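Visitor: Structure here, sequence nowhere to be found:
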């Protein structure tokens, strides 16, 4: 017996889990994600945390908040707003100040927001619908990629968080 697309069951959604070296802020059930996205986030976030010298005894906090449009509606997207107890907008302000001083090399080691963005960009396997950019947007998108032609409106909308879709 076959069922039409309208009758097909919605994919299961799961919470974003914490790992050994990171703690993910729990989301309400309405903001759960697909198992595929949850697994990819767990893999990338654990690698980020270990590379940034966090451990099971001293994990880094990662703050997720629910999104409401697009991929969020079907559990295929997640938004990260803070890492290490600081908002991504504050990490980006530190980055910009370091760039003005010519101190980006030192900032690359210290800035957890930038390091998280680069880990997500480098190690993740994210959605890229045909004709659209890879689905990672955040405060560093224009300067660090992967989509440097990001519009001002889209960059502004993601100035304080990293959006990832799978």
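Guide: Yep, it's here. Nothing here was measured: the structure is a model prediction, and the numbers come from that model.
Visitor: alpha carbons only for contacts and neighbour counts from here, please
Guide: Fine.
Visitor: Check the offset of stretch 25-44 from the chain's centre.
Guide: 11 Å (CA atoms, centre = their mean, to the nearest Å).
Visitor: Would it be right to say that residue 62 lies in a helix?
Guide: No. Membership of residue 62 in a helix is not supported by DSSP: H, G, I helix; E, B strand; the rest coil, which gives strand.
Visitor: Spit out the contact partners of it.
Guide: With contact set as CA atoms under 8 Å, 6 or more residues apart in numbering, residue 62 has these partners: 22-25, 80-85.
Visitor: filter those residues to the buried ones?
Guide: Buried members of the contacts of residue 62, counted by 16 or more other CA atoms under 10 Å: 22-25, 80-84.
Visitor: In helices, which of the residues you listed fall?
Guide: Using DSSP state H, no member of the buried ones among the contacts of residue 62 sits in helices.
Visitor: can you name the two of those residues that are farthest apart?
Guide: Within the buried ones among the contacts of residue 62, 22 and 81 form the most distant pair, 14.6 Å apart (CA to CA).
Visitor: Residue 135: what's it in contact with?
Guide: With contacts defined as CA under 8 Å, 6+ apart, the neighbours of residue 135 are 126-128, 163-166.
Visitor: mind listing which of these are in strands?
Guide: Members of the contacts of residue 135 lying in strands (criterion: DSSP state E): 163-165.
Visitor: Tell me the most packed of the residues you listed, by neighbour count.
Guide: Neighbour counts for the ones in strands among the contacts of residue 135 (other CA atoms under 10 Å) peak at residue 164, which has 25 neighbours.
Visitor: Identify the residue nearest that one in space, chain neighbours excluded?
Guide: Counting by CA to CA, 6 or more residues apart in numbering, residue 164 lies nearest to residue 136, which is 4.6 Å off, once chain neighbours are set aside.
Visitor: swap in residue 163?
Guide: Using CA to CA, 6+ apart and skipping residues adjacent in sequence, the residue nearest residue 163 is residue 79, 4.6 Å away.
Visitor: Neighbours of residue 160, how many?
Guide: 20.
Visitor: now swap in residue 108 and tell me
Guide: Neighbour count of residue 108, defined by other CA under 10 Å: 15.
Visitor: now do residue 130
Guide: Residues within reach of residue 130, counting by other CA under 10 Å, total 7.
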